[in-house]
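Undergrad: Predicted model, plus sequence, below.
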Amino acid sequence: EVQLVESGGDLVQPGGSLRLSCAASGFSFSDYTMTWVRHVPGKELEWVSSISSSRKSISYSDSVKGRFSISRDNAKNTLYLQLNSLTIEDTAMYYCKGESVYLNCPILWGQGTQVTVSS
C-alpha cells in the first residue's frame with residue numbers, strides 16, 4: 001500500500017522547535033521530489049519547502065527561510081522538516097507531498113500532522 005505518514009506535530013511555545021517526519025512506504029521514495037505544505041482552516045494551502053529526489057535542490061518559502069530545514073533519508077524512506085524559532089503564525093496542519101520524477105504518476109499526500117504554537 002502506498003503511504004505517506006506524517007508525525008512529530010505538537011503544541012509548542014513561541015520560539016520553540018519541532019521536527020516533523022514523513023515516513024514513505026509502498027513506492028520508490030528516492031524517485032520522488034518531496035514537499036512540505038501547510039494549511040490553516042479558512043486559508044489557502046501554503047507551500048513551505050521542497051527537496052529534490054537527489055537532495056541537490058532545496059527551496060523554502062520566504063516565510064520560513066532561515067528557520068526551517070528540510071531533509072530526507074532515502075535509505076530510511078523518510079522526509080524531515082526541522083522547525084526552529086516557531087511563531088504563532090506557523091500554527092497549521094503540515095502535510096507532506098510526493099511527486100514522481102517520472103510522468104503520469106499520481107501525486108501522493110499524507111494525512112497531516114498538527115503544529116500548534118501557543119503560549
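TA: Received, thanks.

Undergrad: Chain neighbours aside, what residue packs nearest to the residue most central in space within the chain?
TA: Of all residues in the chain, the one closest to the mean position by C-alpha atoms, centre = their mean is residue 36, 2.9 Å from it. With sequence-adjacent residues excluded and distances taken as C-beta to C-beta, 6 or more residues apart in numbering, residue 36 is closest to residue 48, at 4.3 Å. (Glycine included, C-beta is placed from N, CA and C.)

Undergrad: So what's the residue count around that neighbour?
TA: 24 (other C-beta atoms under 10 Å).

Undergrad: quick one: what helix or strand has it in it?
TA: Assigned by DSSP states H and E, residue 48 belongs to strand 46-51.

Undergrad: got it, and residue 95?
TA: Residue 95 is part of strand 92-100, with elements assigned from DSSP H and E.

Undergrad: Could you name the helices and strands sitting against that strand?
TA: Packed against strand 92-100 by the contact rule (3 or more C-beta pairs under 8 Å, 6 or more residues apart in numbering; DSSP states H and E) you find strand 3-7, strand 18-25, strand 32-39, strand 108-109, strand 113-117.

Undergrad: go with 6 Å
TA: Judged by 3 or more C-beta pairs under 6 Å, 6 or more residues apart in numbering; DSSP states H and E, the packing partners of strand 92-100 are strand 32-39, strand 113-117.

Undergrad: Other residues contacting it?
TA: Applying C-beta atoms under 6 Å, 6 or more residues apart in numbering, the contact partners of strand 92-100 are 4, 6, 20, 22, 31-40, 79, 107-110, 112-115.

Undergrad: Let me see the backbone angles for residue 30.
TA: Note on residue 30: backbone dihedrals following degrees, to the nearest 10 are phi -70, psi -10.

Undergrad: burial of it, as a residue count?
TA: The number of residues packed near residue 30 is 14, by other C-beta under 10 Å.
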